[in-house]
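this one's sequence-less:
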């Protein structure tokens, strides 16, 4: 049985249910309470909740891959949010004491005073880690909800402890990593970084998803090609 996650924040409370592959996040907003989400994440909400949207266009975001839109919900009332694909939702408390980074597809929602800033990776990490040239730094004070493809494992590393993660399974992390070949084998694809892994070194934590989004896309593409022949 999967553990139900619930709690409170300044402006409301939340509950994560139907885990761990059909997970939804329900936020109960007090009067004036605010939560932000990626566009299209809302499943249903109370008639008393005000839904707004912002287009945050900038040439910088065009080149960095940052979000140019977000949905904002203002209470009072309940909002239920969910990811597009089958997967879980994880709550990250944000208070500045731990520096979290996450991939561009990990963001689901956050409370009013939490923000994500675009951070440039080194070219090698961008090319081979399974992430883009830019990832998100999470800053502010409150809660961030991240989504996965499949179930999620959290690995907590002591100082100097190392852990190896397949490059297509990263969700969020708070420790450094470097890229290396899996088992010393030959790299077979520059495009996907197949045969490469990320070696994380503590202290810090890593959230890992049980399914690989790029591999799933390749599978869907191959099935579509077979059906079209």
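Received the coordinates, thanks. The structure displayed is predicted, hence computed values, not measured ones.

The closest residue to residue 159 other than its chain neighbours: what's it in contact with?
Of all residues not flanking residue 159 in the chain, residue 203 sits nearest, at 4.6 Å (Cβ to Cβ, 6 or more residues apart in numbering). Glycine gets a C-beta too; all of them are placed from N, C-alpha and C. Residue 203 makes contacts with 157, 158, 159, 161, 175, as judged by Cβ atoms under 8 Å, 6 or more residues apart in numbering.

Kindly report the same for residue 169.
By Cβ under 8 Å, 6+ apart, the contact set of residue 169 is 130, 208, 209, 210, 211, 212.

who's in contact with the fifth one?
Which is residue 211. Applying Cβ under 8 Å, 6+ apart to residue 211 gives the contacts 86, 87, 148, 149, 150, 169.

I'd like the distance between the residue most central in space within the chain and residue 182.
Nearest to the mean C-alpha position of the chain, counting by Cα atoms, centre = their mean, stands residue 106 at 1.5 Å. Plainly put, residue 106 is 23 Å away from residue 182 if you go by Cβ to Cβ, to the nearest Å.

Repeat that for residue 92.
With Cβ to Cβ as the criterion, residue 92 and residue 182 are 28 Å apart.

who has more neighbours, the two?
Shown here are residue 92 and residue 182; by other Cβ atoms under 10 Å, residue 92 has more neighbours (20 against 13).

What strands line up against the host helix or strand of that one, and which way round?
Assessed by DSSP states H and E, residue 92 sits inside strand 89-94. Applying DSSP bridges to the sheet, strand 89-94 is found paired with strand 142-147 (antiparallel).

Now do the buried residues in the next helix or strand after the strand it pairs with.
Later in the chain than strand 142-147, the nearest helix or strand by DSSP H and E is strand 152-157. Residues of strand 152-157 classed as buried: 152, 155, 157 (neighbour count, 16 or more other Cβ atoms under 10 Å).

beta partners of residue 209?
residue 152.

if I pick it, what's in contact with it?
Residue 209 neighbours (Cβ under 8 Å, 6+ apart): 87, 88, 148, 149, 150, 151, 152, 169, 170, 171.

wait, isn't residue 25 in contact with residue 83?
No. Between residue 25 and residue 83 there is no contact, the gap being 9.1 Å when judged by Cβ atoms under 8 Å.

Overlap of the contact sets of these two?
What both residue 25 and residue 83 touch, as defined by Cβ under 8 Å, 6+ apart, is the set 89, 108.

related to what we said a few turns ago, how about the contacts of residue 169, which pair is most distant?
Spanning the widest gap among the contacts of residue 169 are 130 and 210, at 14.5 Å by Cβ to Cβ.

Now do the SS call for residue 39.
Recorded secondary structure, residue 39: coil (DSSP: H, G, I helix; E, B strand; the rest coil).

before we move on, what about residue 80?
Secondary structure, three-state DSSP: residue 80 is strand.

Just list whatever residues bridge to it.
Under the criterion used (DSSP bridges), residue 80 bridges to residue 26, residue 44.

Just give the number of residues close to it.
Using other Cβ under 10 Å: residue 80 sits among 16 other residues.

how far away is it from residue 220?
27 Å.

cool, and residue 88?
For residue 88, the distance to residue 220 equals 21 Å [Cβ to Cβ].

Looking at these two, which is more packed in?
Shown here are residue 88 and residue 220; by other Cβ under 10 Å, residue 88 has more neighbours (25 against 10).

For that one, which residues are in contact?
19, 20, 21, 23, 147, 148, 150, 151, 152, 209.

same check, this time on residue 172
Neighbours of residue 172 in contact, by Cβ under 8 Å, 6+ apart: 90, 92, 100, 101, 102, 103, 106, 146, 206, 207.
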